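S.K.: No letters, just coordinates:
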């Protein structure tokens, strides 16, 4: 029978916090627009902080359902102090217990930053969230805009990347939370629990190689490969519509929950850009914090080129993905499906950035760059006919996975049909992996 114990039940306001045990213990806090014209008061901020502190103390997930029209204007600075306490409590939870927020209505101004502090955000259909509202935006820019266009669910699902998932109803959001928590441990002190499956670990993937197109530049959906490799074809993909050139997902392999990262050739040929680097870096960091092994599928020709990206900080943001992988201490397995070139080869969990076990399909091309680009640099005076011959020679000599295998950059070139078996065996070998971490306050993530 579910157990529910309320916190600070005598306080006034529109917030509640409670410890709930329905088979998966968690702390649940709720804040809805109440008597203070929808503003969050100091009491309500303290209620949220108390719930987060209890979750941290008990080492259980924290779930917050929230709607608030900014800090309470009537209460003044005390309201600012209240949501400041809530923010500090959420930061203390970061990397220790999973934190999830459900946006049930408007979340505006300062309290909106609370959504940026949690691990996962679920937006409901009629919700919206922003820091500066439509009126302020119109006054400063002269462009009329409404709340939905400025900060509705589709905006945060596809454009800003704030939303991990979208749900039609609160009940649907609850189902999403249950599914998400099934892949996660209650805290960083535990490893994820195995999930029962009847899917054999040595199941052959006889049709998986047919997913790849015949031409090296052809497009395909990497989620088809992921679904074939993992248990029962089941994946849970946060931020599916944002930075779609990189897939991040939760799944299980032989019952063991894992985090999956994969280049998506369907979108900008699977190249990496700022958003993809941020998405991947955040996901890898989360998996490392909560002891989820990482499975990486590689098919990328590099970083997306462009003046705009460079000016916006491609170097800094691109480093986030490399940084996250390099510091990760969980078991890490990578499979190169097709292209793996240049800096993107290093960033996508290569052997020398700390990967534990790497495999490649016979179709893999692991090199500094593609044959065409290499020939243009090395033989710029050659005519078209000569370049064609030189490209063929370059492809035969360097664009194959066996060179990487010879120098130890990958463990083996494997039969694609045996991918699931190799991945499952690799994670079993790495199951008791431990690393001695350096003594320091914390690292300094490139932002």
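M.R.: Nice, thanks for sending it over. The model shown is predicted, which means the values in this text are computed figures rather than measured ones. Numbering: from 1, shown residues only.

S.K.: Looking at stretch 91-105 now, give me its mean pLDDT.
M.R.: If you average the pLDDT over stretch 91-105, you get 96.

S.K.: Pull out the buried residues from that stretch.
M.R.: When neighbours are counted by 16 or more other C-beta atoms under 10 Å, the buried residues of stretch 91-105 are found to be 93, 95-105. From N, CA and C alone the C-beta is placed, and that goes for glycine too.

S.K.: Quick check: next helix or strand after the helix or strand hosting residue 176?
M.R.: Under DSSP states H and E, the secondary-structure element containing residue 176 is helix 170-183. Along the chain past helix 170-183, the next helix or strand (assigned with DSSP H and E) turns out to be helix 222-229.

S.K.: how is the protein carved up into domains?
M.R.: According to automatic domain parsing, the chain comprises the domains 3-183, 208-364+400-429.

S.K.: which of those has the lowest average pLDDT?
M.R.: Across the domains of the chain, domain 3-183 has the smallest mean pLDDT, namely a mean of 86.

S.K.: Excluding sequence neighbours, find me the nearest residue to residue 112.
M.R.: Closest residue to residue 112 apart from its sequence neighbours, by C-beta to C-beta, 6 or more residues apart in numbering: residue 129 at 5.0 Å.

S.K.: Pull up the pairing partners for the host helix or strand of that neighbour, direction included.
M.R.: For residue 129, the enclosing helix or strand under DSSP H and E is strand 128-130. Take DSSP bridges as the rule and strand 128-130 pairs in its sheet with strand 99-108 (parallel).

S.K.: and the partner strand, how far from the chain's centre?
M.R.: Mean-position distance between strand 99-108 and its chain equals 19 Å (C-alpha atoms, centre = their mean, to the nearest Å).

S.K.: likewise stretch 82-92?
M.R.: If you compare the mean C-alpha spot of stretch 82-92 with that of the full chain, they lie 23 Å apart, counting by C-alpha atoms, centre = their mean.

S.K.: And the contacts of that stretch?
M.R.: Outside stretch 82-92, the residues within contact range by C-beta atoms under 8 Å, 6 or more residues apart in numbering are 40-46, 48-50, 52-53, 56, 62, 71, 99, 110-111, 113-114, 117-118.

S.K.: Just the ones in strands from those residues, please.
M.R.: 62, 99 (DSSP state E).

S.K.: Which of the contacts of stretch 82-92 are buried, as a PyMOL select command?
M.R.: Only the buried members of the contacts of stretch 82-92 enter the following PyMOL selection, criterion being 16+ other C-beta under 10 Å:
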select buried, resi 40+41+42+43+44+45+46+48+49+50+52+53+56+62+71+99+110+111+113+114+117+118
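
S.K.: Tell me how many other residues crowd residue 217.
M.R.: Residues within reach of residue 217, counting by other C-beta atoms under 10 Å, total 11.

S.K.: what sits against it?
M.R.: The neighbourhood of residue 217, defined by C-beta under 8 Å, 6+ apart, consists of residue 269.

S.K.: and it, how far is that from residue 400?
M.R.: 17 Å (C-beta to C-beta, to the nearest Å).

S.K.: One more: residue 262?
M.R.: Residue 262 sits 22 Å away from residue 400 when distances are taken as C-beta to C-beta.

S.K.: More neighbours: which of those two?
M.R.: Under the criterion of other C-beta under 10 Å, the comparison of residue 262 against residue 400 puts residue 262 first, with 24 against 18.

S.K.: circling back: report the buried residues of the helix holding residue 176.
M.R.: Judged by neighbour count (16+ other C-beta under 10 Å), helix 170-183 contains these buried residues: 173, 176-177, 180-181, 183.

S.K.: Output those in CSV; the columns should cover distance to residue 281.
M.R.: Supplementary listing: the buried residues of helix 170-183 in CSV, determined by distance: C-beta to C-beta, whole Å:
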residue, distance to residue 281
173, 26
176, 23
177, 24
180, 20
181, 23
183, 19
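
S.K.: Kindly state which of the domains of the chain is positioned closest to residue 444.
M.R.: domain 208-364+400-429 (9.1 Å; C-beta to C-beta).

S.K.: next SSE after the helix or strand where residue 65 lies?
M.R.: Secondary structure here is read from DSSP H and E; on that basis residue 65 sits in strand 62-69. Elements were assigned by DSSP H and E; along the chain past strand 62-69, the next helix or strand is helix 77-93.

S.K.: And that next one, what's buried?
M.R.: Of all the residues in helix 77-93, those buried under the rule 16+ other C-beta under 10 Å are 79-80, 82-87, 89-90, 93.
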